[in-house]
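Engineer: need a structure here:
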Amino acid sequence: MSGQHDSFLDTLPSGWTSDRLKDVVTLRNEKTSEASEEEDYLELEDLEAGTGRVLSRRNTLEVESAVTIFKKGDVLFGKLRPYLEKYYAAEFDGKCTGEILAFKPERIASRFLSYCVGSRWFIERCNALAYGAKMPRVSWPTQLAQFNVPLPPLQEQERIATYLDASCAAIDAAVAAKRRQIETLDHVRRDIVQRAVTRGLDDSPNLRATGNAWMKEVPSHWDLVSLKRVSEIQTGLTLGKVYEGALIERPYLRVANVQDGHLNLEDVTTIEVPVEVAHRVELRPGDVLMTEGGDLDKLGRGTIWSGEVTDCLHQNHIFAIRCFTHKLLPPFLAHLTTSRYGRDYFEATGKRTTNLASTNSTKVGLFPIPRPPVAEQRAICRFLEDKFAELARVKSCIEAQIDVLTSYRKSLIHECVTGQRRVTEADVLRAQNGRVRT
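Structural biologist: Numbering: from 1, shown residues only. So this is what the prediction gives:
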């Protein structure tokens with residue numbers, strides 16, 4: 001893509017013209033600094049990527065800078081990170097951040113314009129011209145204003161927009177249904193884990209009472225023990241502590257590297273400590289890592305360390321659980337911490353602040369472990385890994401279907417607003433009746 005010319009402009013249908021964006025819209029420049037509790041303000045994150053929908057509204061009570069005023073019928077476009085495809089045909093009078101441009105349509109239908117700015121050719125041109133490495137954005141006067149937009153007759157613009165409204169609604173409904181299928185798979189996975197780690201693999205196990213409030217019954221041949229009885233709980237480095245004498249440099253994990261049962265090792269940093277301190281807090285393959293604090297519904301989820309970083313240490317807000325493997329297998333413990341039972345325990349015993357929570361080594365050590373024999377633990381872990389692989393294959397198939405639907409939606413918009421697909425009244429009726437022409 002070079003200059004300001006798009007190839008589709010050379011093959012516009014008869015009766016179509018094109019003009020620069022600045023000649024068919026007026027950029028809203030009216031600002032206000034007045035704080036209001038009315039929920040009529042939009043930030044970039046309030047617009048759903050690629051769909052032209054509003055996810056949420058907010059007030060301006062805590063907004064410190066001036067905001068742009070827009071009117072119903074304006075078309076909004078996010079100039080920051082244009083690859084996020086943030087656009088919206090306003091259905092109410094409101095205000096938005098300065099990172100969102102508000103276009104007042106003058107010689108172009110509002111809904112048609114919104115599909116133009118959300119179309120593939122418009123986004124691709126923005127991405128090609130965006131400047132700034134970390135916060136890429138496009139400029140109105142020197143870039144966007146010069147874009148040529150297709151201009152069908154106004155009546156045809158309205159017809160195209162009506163067709164796309166109905167067609168995209170049908171596609172979006174199909175995508176939403178697919179995403180609900182993925183949510184169902186996630187629920188199935190959680191149910192499978194819960195059943196396996198608390199009742200085993202037998203369909204109808206004989207149960208016995210434990211006298212423990214957290215786990216009242218276990219299979220009759222299992223026992224229930226505190227985690228501290230079948231593992232060593234290693235605490236980590238206290239950051240900011242000053243050491244004397246000879247020091248060595250070692251990589252170490254922070255809480256940011258261990259989140260929600262996953263490792264993020266892209267930004268592992270280093271620290272200088274004495275040799276004896278490094279030896280005390282060094283991670284070993286098989287350690288189950290748990291964070292001291294985090295989101296309430298994610299607290300306590302264990303991650304198995306496999307020695308991904310050599311000679312790595314860990315922060316004191318991360319607990320390294322070193323299982324006595326003749327009593328408790330690390331994968332079984334990790335599954336147990338991610339089960340509904342594990343999450344309930346750490347949510348209930350954790351210290352809460354709003355939607356965040358924290359635990360401590362004492363609570364971790366008292367975590368009641370429903371413990372089958374090691375051979376059975378191994379069989380349960382194999383069963384779960386097989387089930388996870390099966391669910392992952394199904395999920396991957398559904399995600400591929402979502403990708404196809406999303407890609408078709410983008411192609412449909414592009415073809416309609418550039419005239420590559422002509423829209424008739426019959427097409428509109430079919431789309432409104434739920435039958436999209438392919």
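
Engineer: Please count neighbours and contacts with C-alpha atoms only from this point.
Structural biologist: Noted.

Engineer: Residue 226 and residue 363 touch, don't they?
Structural biologist: No. With contacts counted by Cα atoms under 8 Å, residue 226 stays clear of residue 363, the gap being 9.9 Å.

Engineer: Can you show me the strands along the stretch 101-250 of the chain?
Structural biologist: Counting by DSSP state E, counting those that start in this stretch, one finds strands in the stretch 101-250 of the chain at the ranges 148-151, 207-209, 217-219, 223-226, 231-234, 248-253.

Engineer: Arrange those in TSV, one row each, with mean pLDDT as further columns.
Structural biologist: Formatted as TSV, those follow (pLDDT from 0 to 100):
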stretch	mean pLDDT
strand 148-151	96
strand 207-209	96
strand 217-219	97
strand 223-226	97
strand 231-234	95
strand 248-253	93
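
Engineer: just those strands: most buried one?
Structural biologist: The highest average neighbour count among these, using mean count of other Cα atoms under 10 Å, belongs to strand 148-151 at a mean of 22.

Engineer: mind checking how far that strand is from the chain centre?
Structural biologist: Distance, stretch centre to chain centre, for strand 148-151: 34 Å (Cα atoms, centre = their mean, to the nearest Å).

Engineer: And for stretch 133-145?
Structural biologist: The answer for stretch 133-145 is 26 Å, by Cα atoms, centre = their mean.

Engineer: Check stretch 184-194 too.
Structural biologist: 19 Å.

Engineer: Quick check: mean pLDDT of that stretch?
Structural biologist: For stretch 184-194, the mean pLDDT works out to 96.

Engineer: Now that stretch: buried residues?
Structural biologist: Within stretch 184-194, the residues scored as buried using 16 or more other Cα atoms under 10 Å are 185, 189, 192, 193, 194.

Engineer: any idea where the helices of this structure begin and end?
Structural biologist: Taking DSSP state H, the helices of the chain run over residues 110-117, 120-129, 154-199, 275-280, 330-338, 340-349, 361-365, 374-417, 425-432.

Engineer: Turn these into a markdown table, including distance to residue 43.
Structural biologist: Shown next, in a markdown table, are these (distance: least, Cα to Cα, whole Å):
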| stretch | distance to residue 43 |
| --- | --- |
| helix 110-117 | 18 |
| helix 120-129 | 19 |
| helix 154-199 | 23 |
| helix 275-280 | 46 |
| helix 330-338 | 34 |
| helix 340-349 | 32 |
| helix 361-365 | 40 |
| helix 374-417 | 24 |
| helix 425-432 | 32 |
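
Engineer: Select, out of the ones you listed, the one closest to residue 237.
Structural biologist: helix 275-280 (8.3 Å; Cα to Cα).

Engineer: For the closest one, give me every contacting residue.
Structural biologist: 247, 248, 250, 313 (Cα atoms under 8 Å, 6 or more residues apart in numbering).

Engineer: Buried residues of it, list them for me.
Structural biologist: For helix 275-280, by 16+ other Cα under 10 Å, it's 277, 278.

Engineer: coming back round to it: mind checking which of the helices of the chain is nearest residue 254?
Structural biologist: Among the helices of the chain, helix 275-280 comes nearest to residue 254, with 15.0 Å by Cα to Cα.

Engineer: ok, and for stretch 252-268, which residues are buried?
Structural biologist: 252, 253, 254, 255, 257, 258, 259, 260, 261, 263.

Engineer: for the residues you listed, which one is nearest residue 386?
Structural biologist: Proximity of the buried residues of stretch 252-268 to residue 386 was ranked by Cα to Cα; the top entry is residue 261 with 18.6 Å.

Engineer: Could I get the contacting residues of the closest one?
Structural biologist: Residue 261 neighbours (Cα under 8 Å, 6+ apart): 301, 302, 303, 338.

Engineer: Those residues in strands, which ones?
Structural biologist: Judged by DSSP state E, the contacts of residue 261 include residue 303 as members of strands.

Engineer: Spatially, which two of the contacts of residue 261 are the most separated?
Structural biologist: 303 and 338 (9.4 Å).

Engineer: ok, the two, which is more surrounded?
Structural biologist: Applying other Cα atoms under 10 Å to residue 303 and residue 338 shows that residue 303 carries more neighbours, namely 27 against 22.

Engineer: Roughly how far does that one sit from residue 321?
Structural biologist: 10 Å (Cα to Cα, to the nearest Å).

Engineer: Can you pull the phi/psi pair for residue 210?
Structural biologist: The phi and psi values for residue 210, taken as degrees, to the nearest 10, are phi -110, psi -20.

Engineer: Could you point out which of the strands of the stretch 101-250 of the chain sits nearest residue 332?
Structural biologist: Ranking the strands of the stretch 101-250 of the chain by proximity to residue 332 (Cα to Cα) places strand 231-234 first, at 12.7 Å.

Engineer: which helices and strands does the closest one pack with?
Structural biologist: strand 318-323 (3 or more Cα pairs under 8 Å, 6 or more residues apart in numbering; DSSP states H and E).

Engineer: Now do the domain split for this structure, please.
Structural biologist: Domains of the chain are assigned by automatic domain parsing as 7-151, 153-200+375-438, 203-371.

Engineer: where in this structure is pLDDT low?
Structural biologist: 1-5, 294-300, 353-357, 435-438 (pLDDT under 70).
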